[in-house]
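> predicted structure and sequence below. I'll ask about it afterward.
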Amino acid sequence: MQTIQISDQSAEHIHDMAQQEHITSAELIERLVEKYLEKHQLLADVIESLPELPTFKNSPMDIQKAMRDEWT
């Protein structure tokens, strides 16, 4: 557990928001952090989650050559 310091005004906003959601302030902060991380996920992480396509398994030069050879 870690302690953070925020302004009294921000603390009051967090407290009010948590009461509206019927959760603790700590739960609210955890949810907000999770949402923030989801929105700011690294592009590299997104790319790693994509399925591998067999089309792009070879080197770029081999792919270009195969595409050119399709038309001859």
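Cool, the structure landed. Because the structure is predicted, anything quoted here is derived from the model rather than measured.

> C-alpha from now on. contacts and neighbour counts both.
Noted.

> so, low pLDDT: which residues of this protein?
Where the chain drops to pLDDT under 70, the residues are 44, 55-56, 72.

> so residue 28 makes contact with residue 20?
No: here residue 28 lies out of contact with residue 20, judged by C-alpha atoms under 8 Å, at a distance of 10.4 Å.

> those two - which one has more neighbours?
More neighbours surround residue 28 than the other of residue 28 and residue 20, with 18 against 9 (other C-alpha atoms under 10 Å).

> element containing that one, please.
Per DSSP states H and E, residue 28 falls inside helix 25-39.

> any idea which residue sits dead centre in the protein?
Within the chain, the residue whose C-alpha comes closest to the C-alpha centroid is residue 41; the distance, by C-alpha atoms, centre = their mean, is 2.5 Å.

> enumerate every residue touching that residue.
Applying C-alpha atoms under 8 Å, 6 or more residues apart in numbering, we find residue 41 in contact with no residue.
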